[in-house]
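Novice: pasting the sequence and the predicted model now:
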There are 2 protein chains.
Amino acid sequence: MRATVIHGYRDVRLEELPDSRIVEPTDAVVRVVASCICGSDLWQYRREEERPDGPWQIGHEFLGIVEQVGSAVATVREGDVVIAPFVWSDNTCELCLDGLHTSCLHGGGWGSPGVDGGQGEKVRVPQADGTLVAAPVGEDSELIPALLALSDVMGTGHHAARAAGVGPGSHVAVVGDGAVGLCAVLAATRLGAERITIFSRHEDRTAVARRFGATDVIPERGEDALARAEEGTGGLGFHHVIEAVGSTQSWETSLGIARPGGTVGFVGVPIGAGGGIPPWPLFDKNLTVRGGVAPVRAYLPELLAEVLDGHLDPSPVFDLELPLSHVAEGYAAMDERRAIKVLLRPGA
Amino acid sequence: MRATVIHGYRDVRLEELPDSRIVEPTDAVVRVVASCICGSDLWQYRREEERPDGPWQIGHEFLGIVEQVGSAVATVREGDVVIAPFVWSDNTCELCLDGLHTSCLHGGGWGSPGVDGGQGEKVRVPQADGTLVAAPVGEDSELIPALLALSDVMGTGHHAARAAGVGPGSHVAVVGDGAVGLCAVLAATRLGAERITIFSRHEDRTAVARRFGATDVIPERGEDALARAEEGTGGLGFHHVIEAVGSTQSWETSLGIARPGGTVGFVGVPIGAGGGIPPWPLFDKNLTVRGGVAPVRAYLPELLAEVLDGHLDPSPVFDLELPLSHVAEGYAAMDERRAIKVLLRPGA
């Protein structure tokens, strides 16, 4: 089978690897129908340091067809179209039962030793019963992109909006116009927000944001962004802020535009957050900071139902579709911000 | 009048200053009956840098008798015994109505220009109606120390416990054994916590903590503290953690011992938190961090009632009482950890 392997700085390659196979009786092998590239994959892609751990399979968002199941697998069968959340989990441990599948006591990540990455033709899926969620569609369904978005970005945007305490009538700020920030806009709309302000200076992205329900766009950054935010909130700031980048600047903006007593929901991988989250705005304004790596598995049943019935469509975050053989071009397009998010079709 | 002035590194002096007087019609002048030294005063006391702003009055916790009121003051009268929260506030603005008196749109701090510090004989109190809370006791009441604790530490401990989401049956960890950490133990007990683990290696402090309801003591620090915390929580950590120090180490411990999905309530002034709050534990474990400078004014009516009826007694945090003339010795005693918290009586 072919799968994407990252070798180093800006170096991803589609390579021939041994076919995925059942190792544990709780495994399944999934033939990938669609996968995609995540903003967080770019952190690895852009990492300039030495990598003593060598090349590894990359990608953690995929949707496919169950090709084979281990003897202990009960909830999915050969031929099922299934969505894989961006981590695998047993869905039965104490922390999964808390809705924290990303902290599963028996879970892990795609592309870890012995487990395939998602940007390939096949994937060995551990804990298949806990991990995979079947969708009653065919592999040629027009819903495939929307369903694929549930493997990460839509669930992550939803997690951010929930963490920020968004509800009916909320005025929400979204810092970050990547696919997750855009999905957070859609999630906030879905949760009943009345006004959604996105910080973005890219017209292609603000167009998607407006389609997803954003009512206001602030293109400024830094001090100017803070000034604009004050204008828009009677000088006091936002009750609900979504941090969807993970950099020091986005944290400073997110904390700076929050109203005293407000809540910052965060999902940006904090690789760019340097020494840490600035403590003084939290302290002075009595902010709540909540969030982290999104347990999208917990949200899949709820969001899946709405995609199937046509009420939820995050698919516009995919603005470039490529065959898997062009995966390196997909990374370059996202790295250079020529694409918001790239969908890959292995068969194409 | 005499008042405490900080001149520089480990240099506080009781000095003769002009008597406090009414400046605005919303002011009162309060004759101090008791004041105290705060752990946060030590941050200023220990600050080694140059201070281009010159000496200033220090102290922000006091209780006294109203000596004079401005023409617009309606809720307190000459002769009232009053408690002053550690910031002044109007109690009527949008943010005070949110319970965020520390973010009052017309409030400020003691010892700021034109406003006296609390460690003196008299204090000009701006926004007297919003700030001062009268207590129906005499100035010689045995309740004075307990009432004085409501000006900061008890309300701050309560804020931390609320921020950490403590409720009936909670298992709570308290990081920090200063007066605020100890009051947080008492607050957690009051809120119905079933088990309270304090991280402390000082016998005098753990004795007070046990009296306040602590059930477990962990004397270790760093990695060893984390290991002990795991033992005590089935390997998963605490749902509720109170950070009552503000240093990088206490943040690392607090985040390290939190269970995935848990909440860290924080009130430690983050002067010692360096570059910021470590983002990775928050992200990986989906923690909630909530808290900050405590709006003790919001909690005063509720806590005052319980002190008056004998259900709440934070006074054991005061383990050294000195006359105001010995204020420098009081700072030294706290700085050298010979005292938990020092109470000062101006008249003595």
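Specialist: Received, thanks. Numbers count the residues shown, from 1 in each chain, chains lettered A, B, ... in the order given.
Novice: does residue A:71 touch residue A:28 like I think?
Specialist: No. If you go by CB atoms under 8 Å, residue A:71 and residue A:28 don't touch, sitting 11.2 Å apart. The C-beta positions use only the backbone N, C-alpha and C, and glycine is treated the same way.
Novice: which of those two has more neighbours?
Specialist: residue A:28 (29 against 10; other CB atoms under 10 Å in any protein chain shown).
Novice: can you give me the strands for the stretch 151-300 of chain A?
Specialist: Along the stretch 151-300 of chain A, counting by DSSP state E, counting those that start in this stretch, strands occupy A:171-175, A:195-199, A:216-218, A:238-243, A:258-266, A:288-291.
Novice: and chain B, is the longest one touching that?
Specialist: Going back to what we said before, that points to strand A:258-266. Yes. Using CB under 8 Å from any CB of the partner chain, strand A:258-266 reaches chain B at A:260-261, A:266.
Novice: quick one: stretch A:72-79 to chain centroid distance?
Specialist: 26 Å (CA atoms, centre = their mean, to the nearest Å).
Novice: what's the first-to-last distance across that stretch?
Specialist: Taking CA to CA, to the nearest Å, the first and last residues of stretch A:72-79 lie 17 Å apart.
Novice: contacts for it, please.
Specialist: Residues from elsewhere that reach stretch A:72-79 (CB atoms under 8 Å, 6 or more residues apart in numbering or on different chains): A:24-28, A:65-69, A:82, A:128-129, A:132, A:134.
Novice: swap in 6 Å and give it another go.
Specialist: Identification of contacts with stretch A:72-79 by CB atoms under 6 Å, 6 or more residues apart in numbering or on different chains yields A:25-26, A:28, A:66, A:82, A:128-129, A:132, A:134.
Novice: most neighbours out of the residues of strand A:258-266 next to chain B, which is it?
Specialist: residue A:266 (30 neighbours).
Novice: bridging residues for that one?
Specialist: Counting by DSSP bridges, residue A:266 is bridged to residue A:243, residue A:291.
Novice: could you measure from it over to residue B:116?
Specialist: Here residue A:266 is placed at a distance of 41 Å from residue B:116 (CB to CB, to the nearest Å).
Novice: helix or strand: which one has residue A:7?
Specialist: strand A:2-8 (DSSP states H and E).
Novice: now do residue A:14
Specialist: Assessed by DSSP H and E, residue A:14 sits inside strand A:11-16.
Novice: quick check: buried residues in that strand?
Specialist: Using 16 or more other CB atoms under 10 Å in any protein chain shown as the test for burial, strand A:11-16 gives A:12, A:14.
Novice: could you point out which element follows it?
Specialist: Per DSSP H and E, the first helix or strand lying C-terminal to strand A:11-16 is strand A:28-36.
Novice: can you give me the helices for chain A?
Specialist: Per DSSP state H, chain A carries helices over the ranges A:39-45, A:94-97, A:128-131, A:144-149, A:153-163, A:179-190, A:203-211, A:222-231, A:248-256, A:279-285, A:296-308, A:327-335.
Novice: worst mean pLDDT among those helices?
Specialist: Of all those, helix A:222-231 carries the lowest average pLDDT, namely a mean of 88.
Novice: that one vs strand A:195-199, what angle?
Specialist: Counting by axes from the mean of the first three to the mean of the last three CA atoms, to 10 degrees, helix A:222-231 lies at 170 degrees to strand A:195-199.
Novice: middle-most residue in chain A, spatially?
Specialist: A centroid search over chain A (CA atoms, centre = their mean) returns residue A:153, at 2.9 Å, as the residue closest to the centre.
Novice: where does pLDDT dip in chain A?
Specialist: Chain A contains residues with pLDDT under 70 at A:348.
Novice: give me every residue in it lying close to chain B.
Specialist: Residues of chain A lying close to chain B (CB under 6 Å from any CB of the partner chain) are A:95, A:98, A:100, A:103, A:260-261, A:270, A:273, A:275-279, A:282-283, A:286, A:288-290, A:292-293.
Novice: redo that, cut-off 8 Å
Specialist: With the criterion set to CB under 8 Å from any CB, chain A comes near chain B through A:94-95, A:98-100, A:102-103, A:236, A:246, A:260-261, A:266, A:269-270, A:273-280, A:282-293, A:295.
Novice: of the residues you listed, select the buried ones using a ChimeraX command.
Specialist: Here is the ChimeraX command that selects only those of the residues of chain A next to chain B that count as buried (16+ other CB under 10 Å):
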select /A:95,98,100,102,103,236,246,260,261,266,269,270,273,276,277,278,279,282,283,285,286,287,288,289,290,291,292,293,295
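Novice: show me the contacts for residue A:321.
Specialist: Going by CB under 8 Å, 6+ apart, residue A:321 touches A:342-345.
Novice: repeat that for residue A:232.
Specialist: Contacts here follow CB under 8 Å, 6+ apart; on that basis residue A:232 touches A:197, A:216, A:218.
Novice: by contact count, what packs against the strand holding residue A:14?
Specialist: Strand A:11-16 is packed against strand A:2-8, helix A:327-335, with contacts defined by 3 or more CB pairs under 8 Å, 6 or more residues apart in numbering or on different chains; DSSP states H and E.
Novice: other residues contacting that strand?
Specialist: For strand A:11-16, contacts defined as CB under 8 Å, 6+ apart pick out A:1-7, A:45, A:58, A:324-325, A:327-328, A:331.
Novice: parallel or antiparallel, which strands does that strand pair with?
Specialist: When pairing is defined by DSSP bridges, strand A:11-16 lines up against strand A:2-8 (antiparallel).
Novice: noted, bye for now.
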